[in-house]
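Engineer: Below are the sequence and a predicted model; questions follow.
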Amino acid sequence: MTRVLLVDDHPMIAAALEMLLRETDYELLERARTVAEAVKQIAKLKPDLLLLDVHLPDGSGLDLLRKLSLGRARLKVILLTAGMDDSQLLSAQDLRPEGMVLKTSDPGLLLECMDAVVSGQPWIDPEIVERTNQAQERAASAPPLTRRERELVELVRQGLRNRDIAAELGVTEGTVKVYLHAIFDKFKVDNRTELALRAAELVKR
């Protein structure tokens, strides 16, 4: 029996999943509604498989996936999403979850994905693959980073705050904010976390 933890704040998803998994080889252990709750449940329950929503009340499932990726023995993760923007798609690709499924897909696809992942095979929803390919094409056509922008992105990846970045680059904190927002707009990134996730890709430009 494969032990499953659901991380999703929508009650309907939990109810639908419970029905879907009846009389299967999957046991739904619990449902975590936030990133913080998921961290506690993972440590307590030690599930075999994590069904992880991308959008959560206290953060992104991608942030949690990134933390799990730093562990020595990461549990298998399937991302569940109603939709992701270009930055999230590219970040998810870099983080390499074992599976990705659209919530709007046929429920049978989720079971197909779970079966593949448990057997050691990655499984990505074909529509997500297509969307990711399109996001890659748009990213490739975006203008390259300037030298100063590349330096700033690298410092963001290191976790420095705006004040520290300003001191490092010899500019004002206001200038750092202007540069950051320009980078956000250029690469369709919403925040520093997504920028940090894509940093390795961007600094190669």
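Structural biologist: That came in fine, so what should we check first?
Engineer: host element of residue 9?
Structural biologist: Assessed by DSSP states H and E, residue 9 sits outside every helix and strand.
Engineer: Now do the SS call for residue 128.
Structural biologist: At residue 128 the chain is in helix, as set by DSSP: H, G, I helix; E, B strand; the rest coil.
Engineer: Need phi/psi at the closest residue to it other than its chain neighbours.
Structural biologist: Closest residue to residue 128 apart from its sequence neighbours, by CB to CB, 6 or more residues apart in numbering: residue 100 at 5.0 Å. Using the backbone N, CA and C atoms, a C-beta is placed for each residue, glycine as well. Per-residue torsions, residue 100: phi -140, psi 130 (degrees, to the nearest 10).
Engineer: Kindly confirm my reading that residue 28 is in a strand.
Structural biologist: Yes: with three-state DSSP as the criterion, residue 28 is located in a strand.
Engineer: correct me, but it touches residue 4?
Structural biologist: Yes: look at residue 28 against residue 4 with CB atoms under 8 Å: they come within range, at 5.2 Å.
Engineer: The two: who's more crowded?
Structural biologist: Of the pair residue 28 and residue 4, residue 4 is the one with more neighbours under other CB atoms under 10 Å, namely 24 against 18.
Engineer: and the more buried one, what are its phi and psi?
Structural biologist: Taking degrees, to the nearest 10, you get phi -120, psi 140 for the backbone angles of residue 4.
Engineer: same check, this time on the one 3 residues further on
Structural biologist: Dihedral angles phi and psi of residue 7 (degrees, to the nearest 10) take the values phi -120, psi 100.
Engineer: picking up where we left off before, next, count neighbours for the residue nearest to residue 128.
Structural biologist: Neighbours around residue 100, by other CB under 10 Å: 25.
Engineer: Would you map out the domains in the protein?
Structural biologist: With domains defined by automatic domain parsing, the chain comprises 2-138, 142-202.
Engineer: and the last one, how far out from the chain's middle?
Structural biologist: The chain centre lies 20 Å from the centre of domain 142-202; the measure is CA atoms, centre = their mean, to the nearest Å.
Engineer: mind listing what the residue nearest to the spatial centre of the chain touches?
Structural biologist: Here the mean C-alpha position of the chain is nearest to the C-alpha of residue 62 (CA atoms, centre = their mean), at a distance of 2.3 Å. Contact analysis of residue 62 by CB atoms under 8 Å, 6 or more residues apart in numbering lists 54, 88, 91-92, 95, 193-194, 197.
Engineer: Repeat that for residue 61.
Structural biologist: 7, 35, 52-55, 79.
Engineer: Check the gap between residue 182 and residue 86 for me.
Structural biologist: Distance of residue 182 to residue 86, given as CB to CB, to the nearest Å: 17 Å.
Engineer: Can you read off the backbone torsions of the most far-flung residue of the chain relative to its centre?
Structural biologist: In the chain, counting by CA atoms, centre = their mean, residue 170 sits farthest out from the average C-alpha position, at 33.1 Å. Dihedral pair for residue 170: phi 70, psi 30, per degrees, to the nearest 10.
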